[in-house]
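Visitor: Give the three-dimensional model of this entry:
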Amino acid sequence: MNSPASSGHAAPEPLHTIAAWWQAAPFALVFGLFFLLPIALVAMVSLWNFNEYELIPALTLRNYLSIFEGCSRLTDSGDLCVTLSTYLSTLKFCLLVWAITLVLGFSVAYFLAFHVRSSTVQTVLFVLCTVPFWTSNVIRMISWVPLLGRNGLVNQTLMSIGLIDQPLEWLLFSSFSVVLAFVHLYTMFMIVPIFNSMMRIDRALLEAASDAGASGWQTLWNVVVPLSKTGILIGSIFVITIVMGDFVTIGVMGGQQIASVGKIIQVQTSYLQFPLAAANAVILLAVVLMIIWALTRLVDIRKEL
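Guide: The predicted structure follows:
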């Protein structure tokens, strides 16, 4: 007697499953065409051979071996091979930029979320933070040149007030200018997700912490930071992935004198060494994915969102 009723309730499930697959199909198609397929093509080309005139579609590990050539031993002077030294240089920039953007992004987001009471003022200030994005990255980088150059505004001002006797050479085309440009360009990628996380914090928790006798720093460290860790993680992923693959900023602000993994790939591409550039890209992708995996071990985004 109960079987017809039960079968009547179970009938819509296959239709619901089919409808869900059809809904996911366009997104899966876009993901496959514009993400998985390009990565697969790059990985395939990285295994090709090449010479001065053509690409040879024959599977070989020559490109990967040439990248790590000499890395199994130190030189007489104790220096690392080119690949390892380049990755260490890129990781150094990545770590510095991540730390600075995290401090700045967290501070700005905290101010907007907890110290600006009016939602209108919050919106206006948030829009002001996005104003630099109305121009291209190249224009924003070039704008530092007349400020930091040998005869730039900063050097001229410091000399006019007597703080220095001659222009500071390290202000431009140096590691300092590269980090400065990175921070200028990508701090917003840290502000937005942290601000979104902070806006979802129940203000009653802050009041409860204050009533319990917690100081401002204790409330910040034990309440705000743990509840903002999702935004911190997302912002960190944005900044790290962008900086690791960047070559334009390092090329312009470093005066073409500072090496990075992205710069090596760009140079190899310009010399039509596509398999070698693809192999470097695969290695860079693997390193970035390992960094992201390590970050996601600290915070499970799926549970926090």
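Visitor: Output the contacting helices and strands for the helix or strand hosting Pro275.
Guide: Assigned by DSSP states H and E, Pro275 falls within helix 274-298. Contacts defined by 3 or more CB pairs under 8 Å, 6 or more residues apart in numbering; DSSP states H and E place helix 274-298 against helix 37-45, strand 49-50, helix 62-67, helix 229-245, helix 261-270. In short, each C-beta sits where N, CA and C put it, glycine included.
Visitor: Looking at the ones you listed, which one is packed in the most?
Guide: Counting by mean count of other CB atoms under 10 Å, helix 229-245 has the highest mean neighbour count of the helices and strands packed on helix 274-298, with a mean of 21.
Visitor: List of residues touching it?
Guide: Under the criterion CB atoms under 8 Å, 6 or more residues apart in numbering, residues 90-91, 93-94, 97-98, 101-102, 105-106, 109, 182, 186, 189-198, 225, 261-262, 284, 287-288, 291-292, 295-296, 298-299, 301, 304-305 lie in contact with helix 229-245.
Visitor: circling back: what angle separates the helix holding Pro275 from helix 229-245?
Guide: 160 degrees (axes from the mean of the first three to the mean of the last three CA atoms, to 10 degrees).
Visitor: Show me the contact partners of helix 274-298.
Guide: Defining contact as CB under 8 Å, 6+ apart, one finds that helix 274-298 is touched by 39, 42-43, 45-50, 55, 63-64, 66-67, 87, 229, 233, 236-237, 240-241, 244-245, 261-262, 264-265, 268-269.
Visitor: How far away from the center of its chain is that helix?
Guide: How far helix 274-298 lies from its chain's middle: 12 Å, per CA atoms, centre = their mean, to the nearest Å.
Visitor: same check, this time on stretch 213-225
Guide: 28 Å.
Visitor: Give me the buried positions along it.
Guide: The neighbour-count check on stretch 213-225 (16 or more other CB atoms under 10 Å) flags Ala214, Thr219, Leu220, Val223, Val224 as buried.
Visitor: so what's the fourth one up against?
Guide: Meaning Val223. Applying CB under 8 Å, 6+ apart to Val223 gives the contacts Ile201, Leu205, Leu206, Ala209, Ala214.
Visitor: which of the residues you listed count as buried?
Guide: Buried members of the contacts of Val223, counted by 16+ other CB under 10 Å: Ile201, Leu206, Ala209, Ala214.
Visitor: could you say which helix or strand contains Ala214?
Guide: Using DSSP H and E, no helix or strand contains Ala214.
Visitor: what does Ala204 give?
Guide: helix 203-211.
Visitor: can you tell me how far the residue nearest the centre of the chain sits from Trp170?
Guide: What sits nearest the mean C-alpha location of the chain, by CA atoms, centre = their mean, is Val239, with 2.5 Å. According to CB to CB, to the nearest Å, Val239 stands 24 Å off from Trp170.
Visitor: try Phe93
Guide: Here Phe93 is placed at a distance of 16 Å from Trp170 (CB to CB).
Visitor: Compare neighbour counts for these two and give me the winner.
Guide: The residue with more neighbours, out of Phe93 and Trp170, is Phe93; 21 against 10, by other CB atoms under 10 Å.
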